[in-house]
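Trainee: return atomic coordinates for the entry below.
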Amino acid sequence: MKRRDALVTIAGGAAYASGYQPAVAQAQPIKIGLISSFSGGDNVALGKQLDAAIAVYVKQHGDTIAGRKVVFIKRDDGGIAPDTAARYAQELIVQDKIDVLMGIVYTPNAIAVGRVSTQAKKPFFNVNAATSNIAKNNPYMTRYGFTTASAVTPFARWAYFQGIKNCYVMYQDYGPGIDAGNAFIKSFQASGGTVAGISKIPVSNPDFSAYVQKVKDTKPEGVYIFLNATGGGIQLLKTLRTEGIAKAGIKLLASGDIVDEPLVQQEGDAALGVISNFGYSAAHPSKVNQEFVKAFKVQYGDNQLPDFIAVQGYDALHAIYESIKAQSGNVDPDKTLEIVKSLRWESPRGPVWMNPQTRILMQNIYIRKTQTKDGILQNIEFAKMDFPRDPNEQPA
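Mentor: Below you'll find the predicted structure:
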């Protein structure tokens with residue numbers, strides 16, 4: 001698919017079509033402007049996850065809301081590219097006259113689209129972008145992932161009280177990574193732990209050997225890692241395994257991105273034993289999730305499990321459907337936001353509700369261990385943190 005451009009009506013869970021086609025199937029469709037990362041390295045896997053989850057939701061809930069056809073106009077920002085994302089948002093609003101914006105993986109892009117959304121007073125359903133406070137000055141933005149700090153703060157405390165008193169910290173040197181590193185350090189030290197060392201990894205870094213050597217040299221009891229799902233997690237985990245970090249008795253603690261479902265099978269034995277925290281695992285033992293996973297496999301293929309982007313996109317679309325349904329097919333921006341702020345439902349990740357003060361979807365954070373189950377690597381949940389709040393997040 002070319003970088004810009006697919007206007008697609010999804011009917012019965014059909015896949016996205018290529019090319020630009022005018023919406024002629026029905027007058028006055030509900031237009032959802034979808035901007036996300038569909039090309040560029042591991043972004044392809046994330047894009048396929050989002051595509052499949054949207055198709056699953058539409059297949060389950062129909063391609064109309066209150067009698068109006070739902071149309072997706074899709075744009076590919078190609079990765080961290082805030083100027084591109086903002087330009088597409090502007091085009092979707094001005095030229096395509098979309099009703100709502102949806103999508104975004106990366107924080108810089110979400111901030112840029114948030115500005116456009118605010119100026120145009122268009123509801124923006126942010127699928128991911130995990131940096132604290134990015135909704136604060138963007139009154140039409142709601143977020144369907146968690147903030148990094150909300151997940152990491154209790155995780156660091158948990159690690160200390162599990163007996164890890166000394167920990168090395170490595171994280172990507174950009175918004176969510178900085179939030180993750182700072183949150184872990186602050187919470188771990190406040191619990192009584194000692195930080196053995198800190199490595200800030202450039203986003204475009206291709207080689208992790210020097211960082212792993214620093215871990216070996218300091219000999220901590222644990223190492224905490226934040227690396228986003230497109231940041232080279234396969235290479236880092238394989239380097240850690242090659243250098244014998246786990247064999248040395250050093251516990252591998254990580255935010256769940258590094259063992260994301262599209263990556264973990266490629267990581268193989270290098271991922272075994274990683275203890276991670278995240279808002280979703282495809283192995284989550286609920287009936288709602290089992291049905292979601294089954295439908296997702298039908299859409300995507302039996303060899304692939306849904307990941308965090310899939311479930312967050314699925315839930316963002318649920319909020320769009322419910323808010324428009326409550327308006328009998330209308331999409332008044334302010335009414336949409338008020339309705340969304342009151343929503344509660346059972347998601348494939350568990351119970352969720354929109355915090356009306358911060359406009360962040362509240363959810364459980366699970367602690368998981370990567371292990372082999374049913375012949376494949378899975379992130380098996382064994383502990384839960386109930387609806388943790390971000391200590392940095394201010395009322396929006």
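Trainee: show me what contacts Leu305?
Mentor: Counting by CB atoms under 8 Å, 6 or more residues apart in numbering, Leu305 makes contact with 261, 282, 293, 296-297, 378. For the C-beta atoms, the positions are set from N, CA and C on the backbone; glycine is no exception.
Trainee: next helix or strand past the helix or strand of the chain with the lowest mean pLDDT?
Mentor: The weakest-scoring helix or strand in the chain, judged by mean pLDDT, DSSP states H and E, is strand 4-9 (a mean of 42). Sequence order places strand 30-36 as the next helix or strand after strand 4-9, per DSSP states H and E.
Trainee: that next one: which residues count as buried?
Mentor: 30-36 (16 or more other CB atoms under 10 Å).
Trainee: residues in contact with that strand?
Mentor: Counting by CB under 8 Å, 6+ apart, 23, 46-47, 50, 54, 65, 68-77, 85, 88-89, 92-93, 96-105, 109, 113, 127, 320, 324, 329, 331 sit against strand 30-36.
Trainee: next one: that strand to chain centre, how far?
Mentor: 17 Å (CA atoms, centre = their mean, to the nearest Å).
Trainee: pLDDT on it, on average?
Mentor: Per-residue pLDDT over strand 30-36 has a mean of 98.
Trainee: partners of it, with directions?
Mentor: According to DSSP bridges, strand 30-36 forms sheet pairs with strand 68-76 (parallel), strand 100-103 (parallel).
Trainee: put the alpha carbons of the longest one into CSV.
Mentor: These are the backbone C-alpha positions of strand 68-76, laid out as CSV (Å, rounded to 0.1, in the frame of the first residue of the first chain):
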residue,chain,number,x,y,z
ARG,A,68,-24.9,5.5,8.9
LYS,A,69,-22.2,3.6,7.0
VAL,A,70,-18.7,3.6,8.7
VAL,A,71,-15.9,4.5,6.4
PHE,A,72,-12.2,4.5,7.3
ILE,A,73,-9.8,6.9,5.5
LYS,A,74,-6.3,5.6,6.2
ARG,A,75,-3.0,7.3,6.3
ASP,A,76,0.5,5.8,7.1
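Trainee: and the following helix or strand past that strand, what's buried?
Mentor: Counting by DSSP H and E, the next helix or strand C-terminal to strand 68-76 is helix 82-94. Under the neighbour-count criterion of 16+ other CB under 10 Å, helix 82-94 has 82, 84-89, 91-93 buried.
Trainee: Lys122: which of these is nearest?
Mentor: Ile93 (5.7 Å; CB to CB).
Trainee: number of residues surrounding Asp269?
Mentor: 11 (other CB atoms under 10 Å).
Trainee: leaving out the residues flanking it, which one is nearest to it?
Mentor: Arg241 (7.0 Å; CB to CB, 6 or more residues apart in numbering).
Trainee: for the helix or strand hosting that neighbour, name the packing helices and strands.
Mentor: Counting by DSSP H and E, the element that carries Arg241 is helix 233-242. Packing partners of helix 233-242 (3 or more CB pairs under 8 Å, 6 or more residues apart in numbering; DSSP states H and E): helix 209-218, helix 261-267.
Trainee: out of the ones you listed, flag the one nearest Arg359.
Mentor: helix 261-267 (27.0 Å).
Trainee: how near is Lys165 to Gln189?
Mentor: 11 Å (CB to CB, to the nearest Å).
Trainee: which residues of the protein score low on pLDDT?
Mentor: 1-27 (pLDDT under 70).
Trainee: care to break it down by domain?
Mentor: Domains of the chain are assigned by automatic domain parsing as 4-146+286-362, 148-278+364-385.
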